[in-house]
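Enquirer: build the 3D model from these lines:
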Amino acid sequence: MFSEKSSRQLGRAFVALAAVLVIWIFEMGAAPRGHAEVRNWSSSWIGLDVLEVLGLLATAVLLRTRSAYLAPVASAAATLFALDAWFDVMTALAGSDWYTAMAFAVIAEIPLAVTLGAIAVIAPRRAFPGGARVVRAGRRQQQEHSGSSDRVFGPRANR
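Expert: Prediction:
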């Protein structure tokens, strides 16, 4: 999948980022919020941040173990960070809150989403190089042994 060195480095980086997010979660929980009229507003944000931490940690572990589950977990984590960036910016108050949300989105959340998304795309290719060729070769062998593609794939397989 990935080289041993790059897997270790990415894993360490994700664990460090998860630790930073845990600190941020406590900061968010302790800070008094404005006059939002939404029930459980800060709990919702803290919940999203906790899911991001779990996504980073799971991605780090799966990178280290070279697991086949890396791609879907990294994809889910990427989605969480993209959603966090979107909702941070869209729900921020005008002024310094908006600029802070935009800075976090540009500096942290969007690059993390892109990195995790790239891992999700690259991981299956590294795990199963030429995977499509293997599947096609297996189907050809099945057709040769069965004598007819109709028995293996149904009557419309060759159309």
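
Enquirer: now the element after the lengthiest helix in the chain, going C-ward?
Expert: As assigned by DSSP state H, the longest helix anywhere in the chain is helix 4-30. Downstream of helix 4-30, the first helix or strand assigned by DSSP states H and E is helix 41-65.

Enquirer: model confidence over that next one, on average?
Expert: The pLDDT scores in helix 41-65 average 87.

Enquirer: that one to helix 4-30, inter-axis angle?
Expert: 170 degrees (axes from the mean of the first three to the mean of the last three C-alpha atoms, to 10 degrees).

Enquirer: okay, the angle between the helix or strand just after helix 41-65 and helix 4-30?
Expert: Following helix 41-65 in sequence order, the next helix or strand is helix 70-91 (DSSP H and E). Relative orientation of helix 70-91 versus helix 4-30 (the same axes, to 10 degrees): 40 degrees.

Enquirer: residues of helix 70-91 that come out buried?
Expert: Buried residues in helix 70-91, defined by neighbour count with 16 or more other C-beta atoms under 10 Å: 70-71, 73-78, 80-82, 84-85, 88-89. Backbone N, C-alpha and C define where each C-beta goes, glycine included.

Enquirer: just checking, what packs against it?
Expert: Helices and strands touching helix 70-91, by 3 or more C-beta pairs under 8 Å, 6 or more residues apart in numbering; DSSP states H and E, are helix 41-65, helix 96-104, helix 110-127.

Enquirer: give me the angle between it and helix 110-127.
Expert: Orientation of helix 70-91 against helix 110-127 (the same axes, to 10 degrees) gives an angle of 170 degrees.

Enquirer: per-residue confidence averaged over helix 70-91?
Expert: The pLDDT scores in helix 70-91 average 91.

Enquirer: what sits up against that helix?
Expert: For helix 70-91, the external contacting residues (C-beta atoms under 8 Å, 6 or more residues apart in numbering) are 1, 48-49, 51-52, 55-56, 58-59, 62-63, 98, 101-102, 104-105, 109-110, 112-117, 119-121, 123-124, 127.

Enquirer: picking that back up, between which two of the buried residues of helix 70-91 is the distance greatest?
Expert: Using C-beta to C-beta, the two most remote members of these are Leu70 and Val89, lying 28.7 Å apart.
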